[in-house]
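Asker: Take this sequence and fold it.
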Amino acid sequence: MTTTLTTALPGAAAARLAVARAALARAGEVLAGPVPGWRGAAAGAAAGARTSLRERHAALLADVDGVLAALGTATVALAGGVPPAVVDAALAGALDGAGHTPAGPPPTGVTGGRGPEPGEVARWWAGLDPDTRAVLERERPALVGGLDGLPAAVRDRANRVVLAGAREDARREEQAVRDRLVRTADPVELASIGWELHEVRARLARLGAVAAAVDAPGRALLDLEVDAPADGGSGVRAAVARGDVDAAAHVGVFTAGFTTGVDELPGRLGELDALAAAAGPGTAAVAWYGYDAPQAHEVADPDRSVLGRAPAEEGAPGLASFLDGLDAARPGREAHVTAIGHSYGSVVTAAALSSEGAPGGAEGVDDVVYLGSPGVGEVPGRPPGHAWVVEAAGDPVADTAWFGPDPNRMPGVTGLSAREVVLPDGRVLAESRGHGAYLTPGTTSAANVAAVVGGRPQDAVLDRGVGAGDRLRRLVGG
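Answerer: A predicted model of the protein is given here:
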């Protein structure tokens, strides 16, 4: 049974434990009193045993003091708005570490209200002994898998356990709903149960897509969030990597846009496989579907519409934390990280890089590429020379400038070509047209993105991609 951690629980536990500690301290006073006048051969052994007991008693009191400190930290963290699940994970580490070398206080600094700061998480994890880490992985895989700053292999193991459990839960729920469906004859109830069955099957399909995406050599499930069944099949978010993000010299992180979801992960990973291969050896890539992208049926909802910034602002802190966690998990061996945002995903990406969209912004990003962007605001989020834009011919979204100036007209942003290009060796790179073909293997656009991701911007073909839509917008004053 899972118990929700509230602000009152750690405080109450600390009060009870403090009373017990006082009794324990009084009980140990006998060990500190005068030594009895023992004589004979057993006196030396008895004195040694007494000393050992005194040391163990002191260590036990120190453990209790550590738990009290952790409970106090948890109380403050909960009062300060740190998510209960994060506090639970940190508190579990402190409790499971009792009797081991102290690992320091649990991480409590928050990033945009989504979780602890990745660097603090990495330091906390490094201070835990192997037994404590193993307990956390085994007992709280959802919490371990969701902490940015932990090694990719650790998160992958934990999230695969979560994925298997979520799929099994959904299968059981589907069977239960089907059983209810065959037992009812009421038309209203039939409609309600039928919709419930549709929702759970949608969730099963999305979980199946995540499983298919990670069911290949070199894939890692770096994040997984599954909403409660009451939220239906819409709430499955994930991040899947191809290649070793903890060892790669170059890492590209792709964020998708309008109408997307984890169901497209298998196909997206195929594109990223080709992108990483074109970028060169030592390249890893991540498909980050860690936010709820706006959907077509939500256009009229001001809190969820693709016409507003709300979904981007909600997703940006999570993306910023994930991006910073890549370097935090490998201190002293930072990677060259490129953030890639497509369509509305470019709005999310720009917000993640901005201190306004995510507190502090994603500091570990070296380059950013905007694909088919409807605008990213007034500031591209990177210094000149490290922000790039690709705009294909016939892309109506890229011509809207809905969220600010078109990036292909912004100073400090370099245009990458999406046109057909004949390379010096005679090979032909195909043109990308429309809104959805920017990473299609064999295109100039995909080759240019690969050059940036692979740290070879000098190999890119430059072109701002100004077309008829841009000229029309200028004529009408856009």
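
Asker: Residue 457 - nearest residue in space that isn't next to it in sequence?
Answerer: Spatial nearest neighbour of residue 457, excluding adjacent residues (CB to CB, 6 or more residues apart in numbering): residue 451 at 6.0 Å. In this view, the C-beta of every residue, glycine as well, is placed from N, C-alpha and C.

Asker: ditto for residue 278
Answerer: Excluding the flanking residues, the one nearest residue 278 by CB to CB, 6+ apart is residue 450, at 3.7 Å.

Asker: what about the stretch 151-300 of the chain, any weak spots by pLDDT?
Answerer: Scanning the stretch 151-300 of the chain for pLDDT under 70 picks out 228-234.

Asker: picking that back up, give me the secondary structure label for the residue nearest to residue 278.
Answerer: Three-state assignment for residue 450 (DSSP: H, G, I helix; E, B strand; the rest coil): helix.

Asker: what residues are up against the nearest residue to residue 344 once chain neighbours are set aside?
Answerer: Once flanking residues are discounted, residue 344 sits nearest to residue 257: 3.4 Å by CB to CB, 6+ apart. Residues near residue 257 by CB atoms under 8 Å, 6 or more residues apart in numbering: 293, 341-348.

Asker: Now go through those residues and say which are in helices.
Answerer: Among the contacts of residue 257, the ones falling in helices (DSSP state H) are 344-348.

Asker: got the residue ranges for the helices in this structure?
Answerer: Under DSSP H, the chain gives helices at 8-27, 29-32, 43-79, 84-96, 118-127, 130-139, 141-145, 152-183, 187-214, 265-279, 310-328, 344-353, 444-453, 468-475.

Asker: which of these is buried the deepest?
Answerer: The highest mean neighbour count among the helices of the chain, using mean count of other CB atoms under 10 Å, belongs to helix 344-353: a mean of 30.

Asker: Would you agree residue 207 is in contact with residue 170?
Answerer: Yes: in this structure, residue 207 is within contact of residue 170 by CB atoms under 8 Å, at 6.2 Å.

Asker: Tell me the confidence at the residue nearest to residue 457?
Answerer: Note on residue 451: pLDDT of 98.

Asker: repeat for the one 4 residues further on
Answerer: We note a pLDDT of 97 for residue 455 in this prediction.

Asker: number of nearby residues for it?
Answerer: Residues near residue 455, counting by other CB atoms under 10 Å, number 19.

Asker: The residue nearest the centre of the chain and residue 346: what is the separation?
Answerer: In the chain, the residue lying closest to the centroid (CA atoms, centre = their mean) is residue 322, at 4.5 Å. Distance, residue 322 to residue 346, using CB to CB, to the nearest Å: 16 Å.

Asker: that older thread, tabulate the helices of the chain (a markdown table), appending distance to residue 225.
Answerer: Formatted as a markdown table, those follow (distance: least, CB to CB, whole Å):
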| stretch | distance to residue 225 |
| --- | --- |
| helix 8-27 | 24 |
| helix 29-32 | 50 |
| helix 43-79 | 20 |
| helix 84-96 | 10 |
| helix 118-127 | 17 |
| helix 130-139 | 18 |
| helix 141-145 | 8 |
| helix 152-183 | 9 |
| helix 187-214 | 11 |
| helix 265-279 | 14 |
| helix 310-328 | 9 |
| helix 344-353 | 16 |
| helix 444-453 | 26 |
| helix 468-475 | 37 |
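
Asker: Which stretch among the ones you listed approaches residue 363 most closely?
Answerer: Proximity to residue 363, assessed across the helices of the chain by CB to CB, is greatest for helix 310-328 (6.1 Å).

Asker: Quick one: list the elements packing against the closest one.
Answerer: Contact here means 3 or more CB pairs under 8 Å, 6 or more residues apart in numbering; DSSP states H and E; on that basis helix 310-328 packs against helix 118-127, strand 250-255, strand 336-342, helix 344-353.

Asker: any idea of the angle it forms with strand 250-255?
Answerer: Inter-element angle recorded for helix 310-328 and strand 250-255: 160 degrees (by axes from the mean of the first three to the mean of the last three CA atoms, to 10 degrees).

Asker: quick revisit: for the residue nearest to residue 457, what are its contacts?
Answerer: 279, 457-460.

Asker: redo that, cut-off 7 Å
Answerer: 457, 459-460 (CB atoms under 7 Å, 6 or more residues apart in numbering).

Asker: Compare the residues you listed and tell me which is most surrounded.
Answerer: The residue in the contacts of residue 451 with the most neighbours, by other CB under 10 Å, is residue 460 (20 neighbours).

Asker: how does this protein divide into domains?
Answerer: Per the record, the chain has its domains at 8-28+54-99+110-139, 243-475, by automatic domain parsing.

Asker: sorry, back to before: please produce JSON lines containing the helices and strands packed on helix 310-328, extended by distance to residue 145.
Answerer: What follows is the helices and strands packed on helix 310-328, written out as JSON lines (distance: least, CB to CB, whole Å):
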{"stretch": "helix 118-127", "distance to residue 145": "12"}
{"stretch": "strand 250-255", "distance to residue 145": "17"}
{"stretch": "strand 336-342", "distance to residue 145": "21"}
{"stretch": "helix 344-353", "distance to residue 145": "20"}
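
Asker: Please identify which of these is closest to residue 421.
Answerer: Residue 421 lies closest to strand 336-342 among the helices and strands packed on helix 310-328, at 20.0 Å (CB to CB).

Asker: What strands line up against that closest one, and which way round?
Answerer: Strand 336-342 pairs in its sheet with strand 250-255 (parallel), strand 367-371 (parallel), by DSSP bridges.

Asker: Quick check: residue 245 touching residue 252?
Answerer: No: between residue 245 and residue 252 there is no contact under CB atoms under 7 Å: 10.0 Å.

Asker: Make TSV from the strands paired with strand 336-342 and add distance to residue 161 and mean neighbour count to it.
Answerer: Formatted as TSV, the strands paired with strand 336-342 follow (distance: least, CB to CB, whole Å; neighbours: other CB atoms under 10 Å):
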stretch	distance to residue 161	mean neighbour count
strand 250-255	24	28
strand 367-371	33	28
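
Asker: got a markdown table for the ones you listed, with distance to residue 394 too?
Answerer: A markdown table is the format used below for the strands paired with strand 336-342 (distance: least, CB to CB, whole Å):
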| stretch | distance to residue 394 |
| --- | --- |
| strand 250-255 | 22 |
| strand 367-371 | 14 |
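
Asker: Point out the one among those strands that comes closest to residue 196.
Answerer: Distance to residue 196, taken as CB to CB, is lowest for strand 250-255 among the strands paired with strand 336-342, at 31.3 Å.

Asker: got the angle for that closest one vs helix 265-279?
Answerer: Comparing the axes of strand 250-255 and helix 265-279 via the same axes, to 10 degrees yields an angle of 150 degrees.

Asker: hey, C-alpha coordinates of strand 250-255 in CSV?
Answerer: What follows is strand 250-255, C-alpha atoms only, in CSV (Å, rounded to 0.1, in the frame of the first residue of the first chain):
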residue,chain,number,x,y,z
HIS,A,250,28.0,14.6,-28.3
VAL,A,251,24.3,14.3,-27.3
GLY,A,252,21.3,15.6,-29.2
VAL,A,253,18.0,16.0,-27.4
PHE,A,254,14.9,16.2,-29.6
THR,A,255,11.6,17.7,-28.4
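
Asker: Specify the angle between that strand and helix 344-353 in degrees.
Answerer: Angle of strand 250-255 versus helix 344-353, following the same axes, to 10 degrees, is 120 degrees.

Asker: and the angle from strand 250-255 to helix 444-453?
Answerer: 130 degrees.
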